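Engineer: Pasting a predicted model and its sequence here:
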Amino acid sequence: MTDPHLLDEADPSKWRLAIRVLAMPADTNAAGDIFGGWLMSQADIAGATVAVQAAAGRVVTVAVNEFRFVSPVAVGDLVEIYARVQRLGTTSVRVEIAAWARREMDPDSHHHVASANITYVAVGADGRPRPITARRPEPS
Ligand SMILES: CC(C)(COP(=O)(O)OP(=O)(O)OC[C@H]1O[C@@H](n2cnc3c(N)ncnc32)[C@H](O)[C@@H]1OP(=O)(O)O)[C@@H](O)C(=O)NCCC(=O)NCCS
């Protein structure tokens, strides 16, 4: 479990709880399991919340560098996705993401369900890359 004491809302290089979302029956595949693409989508959204702050504006996803499904997500799970900035480039922000699930029948449980690494690019109104000027501390 990500140590809540490491959470620091002011510093995007520190882990933060980016989103919490319930896995619903509509998110299942043909076998009745939660669809991997649903979790990827949630991770992309979670990472973007951190990237937008670090880039001080609009970003687009340019690459999913890595995505690892560690254990299954079940219907009814409360999925909590943590994110932190791993690297700030000239126009890009690389974000580290960790997804955890609390089971409906055991809300105090924490199951590591996925790890990801996603790169976002800061873009201007024309959709082209723009330099990131609002730089914040790199991870130590
Ligand atoms: C993102 C986009 C604006 C980048 O345009 P581009 O002309 O390729 O930009 P560049 O080659 O100058 O690269 C911009 C940055 O992205 C990084 N980048 C590009 N491709 C990358 C990849 N595959 N992995 C990691 N970083 C990458 C570059 O290293 C550069 O970072 P830096 O400035 O910090 O050094 C353009 O590719 C685009 O619009 N893609 C579609 C984005 C989108 O719609 N996403 C949602 C999909 S539904």
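Structural biologist: Arrived safely, thanks for sending. Numbering: from 1, shown residues only.

Engineer: Quick check on Q53: phi, psi?
Structural biologist: phi -70, psi -50 (degrees, to the nearest 10).

Engineer: Could you do A125 as well?
Structural biologist: The phi/psi pair for A125 (degrees, to the nearest 10) is phi -60, psi -20.

Engineer: Average pLDDT for stretch 129-140, rounded please.
Structural biologist: Across stretch 129-140, pLDDT averages out at 70.

Engineer: How about stretch 43-52?
Structural biologist: 97.

Engineer: and the residue in the chain positioned nearest to the ligand, how many residues sit next to it?
Structural biologist: Proximity to the ligand, evaluated over the chain using CB to the nearest ligand atom, is greatest for G89 at 2.1 Å. For every residue, glycine as well, the C-beta is placed using N, CA and C. The tally of other residues near G89 (other CB atoms under 10 Å) stands at 13.

Engineer: How many residues are close by the nearest residue to it once chain neighbours are set aside?
Structural biologist: In space, G89 comes closest to I132 once its chain neighbours are excluded; the distance is 7.5 Å by CB to CB, 6 or more residues apart in numbering. Neighbours of I132 under the rule other CB under 10 Å: 21.
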